[in-house]
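**Q** Let's see this in three dimensions:
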Amino acid sequence: MGRQADANAHVPLPIRDGVAPSYVWLDATPAGAALAFLTSHFAKVGEALWRDRMARGEVVDAGGNVLGPDSVLKRGMRIWYYRELDAETPIPFEEQILYQDAHLLVVDKPHFLPMTPGGRFLHETLLVRLKNKTGLAHLTPIHRLDRETAGVVIFSHQAATRGAYQSLFQKRSVQKEYEALAAPLPSLDFPLVHRSRMVEGHPFFRMQEVEGEANSESVIDVIAPQGDAMLYRLQPHTGRKHQLRVHMAALGAPIVNDGFYPEALPCKGDDFANPLKLLARSIRFDDPLTGEARRFESARVL
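**A** Have a look, this model is predicted:
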């Protein structure tokens, strides 16, 4: 599979329509020339499309030299190209920029919009939309939200200071607060702390709780009844994949419209009228450059 360029790496092709080029690394010298290798390696793309990309000069080596169908490949080369999709379903919701300075871009992400390109999503991703909207070519997410989750997310657009902000998340010096709608849990006393050991589950996109030393922790509290459901305040103290969704399901109150937990439902495509009722409400931290207390809050409601 191809990999997208790192924001700090030297890239021989420019960003096009907000999309950075991708590359494939050759860990062995292939038997055939460039076209034969690419057609074999990317079986779903097809020879005609690779010929067209090569004719446009959009398949190059690390030095920016254009590769043709008969170009000789060697172990250790990187082949750069633009990923393309024949058709992409529009996501009918807009992101909102909450804040921007010389280092950060803070965004209110809508439900259903992926953070970065992958799979069936390319232009309909938050990163590509923001690059097109702002012109910030070196935009990189400091942390991530699930595609199904809405709310506050932070991007860096200054390579020199990116590490300082990334270290806040690595050191768990960021306070994140979420809101979720789920069934009431009248038998439990709130606030409560839920700890568990989470590992990759089955299918591959799910997580599961198992016996063993806890590697995930969430503080869960009630805010107020909302119809037949309860609005909860969730504060993750760790950052495991799907952590809040797994923890709420484990308590017996899966988040409303969750298609993964407690059981993975058959995929029927996105139901835009019924998003996952999980919102990254706010994020707080002390700015590592100025020491200033920062707080950003979503304007969305569940």
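**Q** Tell me how many other residues surround residue 296.
**A** Residue 296 has 20 neighbours, counted by other C-beta atoms under 10 Å. For the C-beta atoms, the positions are set from N, CA and C on the backbone; glycine is no exception.
**Q** One more: residue 51?
**A** Residues lying near residue 51 (other C-beta under 10 Å) number 16.
**Q** Please, which helix or strand holds it?
**A** Here residue 51 is covered by helix 47-55, with elements defined by DSSP states H and E.
**Q** ok, now residue 68?
**A** Assessed by DSSP H and E, residue 68 sits outside every helix and strand.
**Q** hang on, it packs against residue 51?
**A** No: with contact defined as C-beta atoms under 8 Å, residue 68 does not count as touching residue 51 (9.2 Å).
**Q** quick one: residue 88 and residue 123 touch, right?
**A** Yes: assessed by C-beta under 8 Å, residue 88 is found in contact with residue 123 at 5.9 Å.
**Q** residues near residue 59, how many?
**A** 25.
**Q** Please name the bridge partners of it.
**A** Legend: beta-bridge partners of residue 59 under DSSP bridges are residue 81.
**Q** Enumerate every residue touching it.
**A** Residue 59 makes contacts with 34, 38, 50, 53, 66-67, 79-81, as judged by C-beta atoms under 8 Å, 6 or more residues apart in numbering.
**Q** Next one: it from residue 190, what distance?
**A** Counting by C-beta to C-beta, to the nearest Å, the gap from residue 59 to residue 190 is 57 Å.
**Q** Spatially central residue (nearest the centroid) of this protein, please.
**A** Against the mean C-alpha coordinate of the chain, by C-alpha atoms, centre = their mean, the closest residue is residue 115 at 3.7 Å.
**Q** care to break this structure down by domain?
**A** 3-81, 96-297 (automatic domain parsing).
**Q** possible to save the ones you listed as JSON lines with mean pLDDT?
**A** As requested, these are arranged in JSON lines below (pLDDT from 0 to 100):
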{"stretch": "domain 3-81", "mean pLDDT": "91"}
{"stretch": "domain 96-297", "mean pLDDT": "96"}
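**Q** Please identify the helix or strand for the spatially most distant residue from the centre of the chain.
**A** In the chain, residue 70 marks the outermost C-alpha relative to the chain mean, sitting 36.8 Å out by C-alpha atoms, centre = their mean. Using DSSP H and E, residue 70 sits in no helix or strand.
**Q** hang on, isn't it packed against residue 36?
**A** No: using C-beta under 8 Å, residue 70 is not in contact with residue 36; the gap is 9.2 Å.
**Q** For the residue farthest from the centre of the chain, list the residues it contacts.
**A** Neighbouring residues of residue 70 by C-beta under 8 Å, 6+ apart: 33-35.
**Q** Just the buried ones out of the contacts of residue 59, please.
**A** Using 16 or more other C-beta atoms under 10 Å as the burial test, these include 34, 38, 50, 53, 67, 79-81 as buried.
**Q** just checking, residue 247 is part of a helix?
**A** Yes: membership of residue 247 in a helix is supported by DSSP: H, G, I helix; E, B strand; the rest coil.
**Q** Quick one: neighbours of it, just the number.
**A** Residue 247 has 25 neighbours, counted by other C-beta under 10 Å.
**Q** Contact partners for it?
**A** 194, 196, 216, 218, 220, 234.
**Q** for the fifth one, which residues make a bridge with it?
**A** In other words, residue 220. Here residue 220, judged by DSSP bridges, has bridge partners residue 192, residue 234.
**Q** repeat for the second one
**A** For residue 196, the residues forming beta bridges with it (DSSP bridges) are residue 216.
**Q** That one reaches residue 250, doesn't it?
**A** Yes: the pair residue 196 and residue 250 qualifies as a contact (C-beta under 8 Å) at a distance of 6.7 Å.
**Q** okay, and the common contacts of these two?
**A** Shared contacts of residue 196 and residue 250, defined by C-beta under 8 Å, 6+ apart, are found at residue 209.
**Q** what about these two, which has more around it?
**A** Neighbours per residue, other C-beta under 10 Å: of residue 196 and residue 250, the larger number sits with residue 196, 20 against 16.
**Q** Tell me how far the more buried one lies from residue 215.
**A** Distance from residue 196 to residue 215, by C-beta to C-beta: 8 Å.
**Q** Provide a list of residues in contact with residue 16.
**A** Under the criterion of C-beta under 8 Å, 6+ apart, the neighbours of residue 16 are residue 82.
**Q** do the same with residue 21
**A** 4-5, 11-13, 15, 80-83.
**Q** Any idea how many residues pack against residue 14?
**A** Neighbour count of residue 14, defined by other C-beta under 10 Å: 9.
**Q** what does residue 72 give?
**A** Count around residue 72 with other C-beta under 10 Å applied: 11.
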